[in-house]
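*Asks:* predicted model and sequence below, questions to follow.
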Amino acid sequence: MDAPVRRPAGAGPSDDGHLVVDGANAALPVNPDSPYVVRDDRLWLDGRDLGLSVQVVRRPRFYDLVTADGVRYEQIARLHGADVLATTVVQTCIRYEEARRCRFCTIEESLRSGATIAAKTPAQLAEVAEAAVRLDGVRQMVMTTGTTAGPDRGARNLVRSVRAVLAAVPGLPIQVQIEPPGDLEVLAELREAGATAIGIHVESLDDEVRRRWMPGKATVPLAAYETAWDEAVRVFGRNKVSTYLLIGLGEDPDELVAGASRLIARGVYPFVVPFRSTVGTLARRDGIAGPAAALVRDVTERVAVLLKDAGMTGADQEAGCAACGACGVLQAAGG
C-alpha cells in the first residue's frame with residue numbers, strides 16, 4: 001500500500017503513513033511485508049474482510065503550488081491526516097545539539113534534507129493556509145516551533161503567525177504549541193490573536209525519565225510546566241490545553257496514568273501516545289524500540305476512562321494533536 005501523505009522527519013511523534021480508518025485519522029506504519037491489504041477501501045487479511053473501512057489520504061493539491069519567491073507550499077506546511085494543516089514555524093531548536101537533544105525528536109533533520117525551510121513568515125503561512133482550506137478542505141491547523149533563546153521561547157512569533165492566518169482564513173481553528181514561556185503574559189497574547197487551543201508538551205512527568213530522554217527540556221522544572229498549564233487553562237479554558245505523555249520511555253505505567261489523572265483535574269488533556277523510534281532520532285540510532293502493543297493498550301484504555309469520567313474529549317479541543325488523534329489510539333478508546 002502506498003501512502004502519499006507522510007512526514008519523514010520533524011518535531012512530532014510519527015513518520016507513518018496517513019490514513020482514515022472508519023472515519024478517524026490514523027498515522028500507521030507502512031510495512032511492505034505486512035499481511036494486511038487495503039482493497040476497495042476495506043482492510044483485508046488472508047482474503048477476509050476485517051470490517052474496517054480504510055481510505056488512503058491523497059496528496060493534497062496545495063502541495064503543487066509555489067510562492068512568488070520560489071518556496072514550495074509543501075516546505076511551509078504539511079497535511080496531517082485528512083484535514084489538518086501542520087507547520088513548524090521555526091525549524092531549529094536551541095536544545096538540538098546531541099548533549100541536550102530530545103532523543104525522540106528530529107526537528108532539524110527535515111531542514112537538513114531540504115524538506116522544509118528554517119523559518120516560515122506569517123505571510124507565507126497565511127498564503128498556504130488559504131490554499132489548503134480552499135483546495136483540500138483543511139479544517140484545522142497546528143503551529144509548533146523549535147524552542148528559541150528568548151524568554152517567550154518563540155511564542156510571540158506564533159502570535160504574529162496566528163493573526164496572519166486568521167486574517168486570510170477567518171474562523172480556522174488553530175492550536176499553538178510551545179514550551180512553558182518565561183513570560184506568561186504571552187499566553188493571553190496567543191489567545192487574543194485567535195488561537196483556539198494550546199499544547200505545552202512535557203512528554204513525561206518522571207524527572208529521571210526526563211533527564212534521560214530530554215536533557216535540555218529537563219532543565220525546565222515540572223513546576224514551570226504546572227504554572228504554565230494553570231495559566232493556559234485560565235486563559236484558554238478547561239480542555240483547551242493539552243500535553244503529550246509518551247508511552248514507552250520507561251516510566252512506570254501506573255505512575256503515568258496517575259499523572260494523567262492529575263492533569264485532567266487541572267483541566268489539561270493528557271494526549272498519551274506511543275513513542276516511535278523514527279529514522280533520524282537518537283533513540284533509533286541507539287537501537288531503542290517502541291513500546292509493546294499491550295502496554296499502549298493498557299495505558300490508553302485507563303486514561304480514556306479517566307477522560308470520559310471527566311467529560312473531556314480530544315475532539316472538543318477543536319484544533320491540535322488531540323483533536324486530530326492520528327498519532328495515538330486515545331480517541332478510539334473513547335477519549
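*Replies:* Perfect, thanks for sending it. Numbering: from 1, shown residues only.

*Asks:* so for the lengthiest strand in the chain, what gets flagged as buried?
*Replies:* With secondary structure taken from DSSP state E, the chain has its longest strand at strand 48-56. Of all the residues in strand 48-56, those buried under the rule 16 or more other CB atoms under 10 Å are 54, 56. Glycine gets a C-beta too; all of them are placed from N, C-alpha and C.

*Asks:* who are the packing partners of the helix or strand just after it?
*Replies:* Next along the chain after strand 48-56, taking DSSP states H and E as the criterion, comes strand 78-80. Helices and strands touching strand 78-80, by 3 or more CB pairs under 8 Å, 6 or more residues apart in numbering; DSSP states H and E, are strand 84-88.

*Asks:* just checking, what packs against the strand it packs on?
*Replies:* Contact here means 3+ CB pairs under 8 Å, 6+ apart; on that basis strand 84-88 packs against strand 78-80, helix 122-136, strand 140-144.

*Asks:* which residues in the stretch 151-300 of the chain form strands?
*Replies:* Using DSSP state E, counting those that start in this stretch, the strands of the stretch 151-300 of the chain run over 174-177, 197-199, 241-247, 268-274.

*Asks:* okay, now the sheet partners of the second one, with direction.
*Replies:* Using DSSP bridges, the strands paired with strand 197-199 are strand 174-177 (parallel), strand 241-247 (parallel).

*Asks:* nearest to residue 289, out of those?
*Replies:* Proximity to residue 289 (CB to CB) singles out strand 241-247 among these, at 12.6 Å.

*Asks:* about what we covered before: in CSV, list the helices and strands packed on strand 84-88 along with distance to residue 56 and mean pLDDT.
*Replies:* Shown next, in CSV, are the helices and strands packed on strand 84-88 (distance: least, CB to CB, whole Å; pLDDT from 0 to 100):
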stretch, distance to residue 56, mean pLDDT
strand 78-80, 12, 92
helix 122-136, 15, 98
strand 140-144, 20, 97
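
*Asks:* of these, which approaches residue 274 most closely?
*Replies:* strand 78-80 (16.8 Å).

*Asks:* which neighbours does the closest one have in its sheet, and in what orientation?
*Replies:* Short version: by DSSP bridges, strand 78-80 pairs with strand 84-88 (antiparallel).

*Asks:* show me what counts as buried in the biggest helix by length in the chain.
*Replies:* When the chain is parsed with DSSP state H, its longest helix is helix 293-310. For helix 293-310, the neighbour count (16+ other CB under 10 Å) marks 296, 299-304, 306-307, 310 as buried.

*Asks:* hang on, the earlier thing: would you turn the strands of the stretch 151-300 of the chain into CSV with distance to residue 327 and mean neighbour count?
*Replies:* CSV is the format used below for those (distance: least, CB to CB, whole Å; neighbours: other CB atoms under 10 Å):
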stretch, distance to residue 327, mean neighbour count
strand 174-177, 13, 28
strand 197-199, 12, 27
strand 241-247, 9, 26
strand 268-274, 5, 27
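
*Asks:* out of these, nearest to residue 163?
*Replies:* Closest approach to residue 163 among these (CB to CB): strand 174-177, 10.3 Å.

*Asks:* got the CA coordinates for the closest one in PDB?
*Replies:* In PDB, the C-alpha atoms belonging to strand 174-177 read as follows (Å, rounded to 0.1, in the frame of the first residue of the first chain):
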ATOM      1  CA  ILE A 174      -5.600  26.800  15.300                       C
ATOM      2  CA  GLN A 175      -3.600  25.100  18.000                       C
ATOM      3  CA  VAL A 176      -0.300  26.600  19.000                       C
ATOM      4  CA  GLN A 177       2.500  24.500  20.700                       C
END
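
*Asks:* state the mean pLDDT of that strand.
*Replies:* Average pLDDT, strand 174-177: 98.

*Asks:* how far is it from where the chain is centred?
*Replies:* Distance of strand 174-177 from its chain centroid, counting by CA atoms, centre = their mean, to the nearest Å, is 10 Å.

*Asks:* residues in contact with that strand?
*Replies:* Strand 174-177 is contacted by residues 140-145, 155, 158, 162, 165-166, 190, 194-201, 242, 317, 319-321, 323 when judged by CB atoms under 8 Å, 6 or more residues apart in numbering.

*Asks:* can you check stretch 35-43 too?
*Replies:* Identification of contacts with stretch 35-43 by CB under 8 Å, 6+ apart yields 1, 21, 44-46, 49-56.

*Asks:* closest one of those to residue 253?
*Replies:* Proximity of these to residue 253 (CB to CB) peaks at residue 21, which lies at 25.3 Å.

*Asks:* number of residues surrounding the closest one?
*Replies:* Residue 21: 16 surrounding residues under other CB atoms under 10 Å.

*Asks:* likewise residue 313?
*Replies:* Neighbours of residue 313 using other CB under 10 Å come to 19.

*Asks:* give me the distance between the closest residue to it other than its chain neighbours and residue 173.
*Replies:* Beyond its immediate neighbours in the sequence, the residue positioned closest to residue 313 (CB to CB, 6 or more residues apart in numbering) is residue 335, lying 6.4 Å away. Residue 335 is 19 Å from residue 173, where distance means CB to CB, to the nearest Å.
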